[in-house]
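*Asks:* Just to be clear, the model below is a prediction. Sequence and coordinates:
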Amino acid sequence: MDNRQLLIDVLTFNVKPATIKESIDNNGKVLVQGVIQRANALNQNKRIYPKPILMREVKKYMELVRERRSLGELDHPESSVINLANVSHLITELYWQGDDLIGTVEILPTPSGNILKSLFESGVKVGISSRGLGSVRDVGNGNVEVQEDFEILCWDMVSNPSTQGSFMHTITENVIRNNENKNNKIDKINNIILNIFENLNYDCGNQCKWNNIKD
């Protein structure tokens, strides 16, 4: 008999509305990235996930990632079964930065995925929630530690971000910032050129604008 309980923990999953559309890659996929799990840290549910256990489970979960079966739901049920009718996203990459597990998430063009994308575009702060099965051990002061029988099931998107300090971002954010800097550079050059011709009393209209400046 399986005596493990359903373990659920949430991190804030925040995507900037102004950049969500810019996160679409060449294949038309919407990708966002950020911390999806934290090891060796007491979370707001007073639960600690030892890193060796999480590393073991992430290694096993990578098989699902490679096979594109690493699905998650929009709002999760109190169940260990993933409901395909409610799937909104797919985990496409996992890697560690210290004790933080970083994930790349592809928002799927499903009914729930379209809702999730609209929420991000509207600036709604959404939580990413790990769903797993396991037992815990009391370590004092009301805190518990996840035990060796833990099994990760999936990561869902939920409406209750309970843990602060972790924020998601579109993976092309740096590219967008570079484009903004480039546009500012072009505007400055255009203004300088127009000022020169104005001082010469020469009306050049839009022909004076350089629209193809390259870095």
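*Replies:* Received the coordinates, thanks.

*Asks:* Going by C-alpha atoms from here, please, whenever you check contacts or count neighbours.
*Replies:* Noted.

*Asks:* domains for this protein, by residue range?
*Replies:* By the assignment in automatic domain parsing, the chain contains the domains 5-171, 176-208.

*Asks:* TSV please, covering these and showing mean neighbour count and mean pLDDT.
*Replies:* Shown next, in TSV, are those (neighbours: other C-alpha atoms under 10 Å; pLDDT from 0 to 100):
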stretch	mean neighbour count	mean pLDDT
domain 5-171	18	86
domain 176-208	12	56
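
*Asks:* need the helices for this structure, in chain order.
*Replies:* Ranges of helices within the chain are 17-20, 51-66, 111-121, 173-199, based on DSSP state H.

*Asks:* Can you show me the strands along the chain?
*Replies:* 5-13, 30-38, 47-48, 71-73, 87-97, 100-107, 126-134, 136-140, 143-146, 151-158, 169-170 (DSSP state E).

*Asks:* partner strands of the fifth one, parallel or antiparallel?
*Replies:* Based on DSSP bridges, the strands next to strand 87-97 in the sheet, each with its direction, are strand 71-73 (antiparallel), strand 100-107 (antiparallel).

*Asks:* Now tabulate those strands in TSV and tack on distance to residue 123.
*Replies:* Shown next, in TSV, are those (distance: least, C-alpha to C-alpha, whole Å):
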stretch	distance to residue 123
strand 71-73	20
strand 100-107	16
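
*Asks:* right, and these - which one's nearest residue 27?
*Replies:* Closest approach to residue 27 among these is made by strand 100-107 (11.5 Å; C-alpha to C-alpha).

*Asks:* what inclination does that closest one have with respect to strand 151-158?
*Replies:* Interaxial angle of strand 100-107 relative to strand 151-158 (axes from the mean of the first three to the mean of the last three C-alpha atoms, to 10 degrees): 60 degrees.

*Asks:* Between helix 51-66 and strand 100-107, find me the angle.
*Replies:* Strand 100-107 and helix 51-66 are oriented at 20 degrees to each other (the same axes, to 10 degrees).

*Asks:* Convert the C-alpha atoms of strand 100-107 to PDB, please.
*Replies:* In PDB, the C-alpha atoms belonging to strand 100-107 read as follows (Å, rounded to 0.1, in the frame of the first residue of the first chain):
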ATOM      1  CA  ASP A 100      17.700  26.600  -7.800                       C
ATOM      2  CA  LEU A 101      16.200  24.400 -10.500                       C
ATOM      3  CA  ILE A 102      15.800  26.500 -13.600                       C
ATOM      4  CA  GLY A 103      13.100  25.400 -16.100                       C
ATOM      5  CA  THR A 104      12.200  26.500 -19.700                       C
ATOM      6  CA  VAL A 105       8.500  26.300 -20.200                       C
ATOM      7  CA  GLU A 106       6.700  26.100 -23.600                       C
ATOM      8  CA  ILE A 107       3.100  27.500 -23.500                       C
END
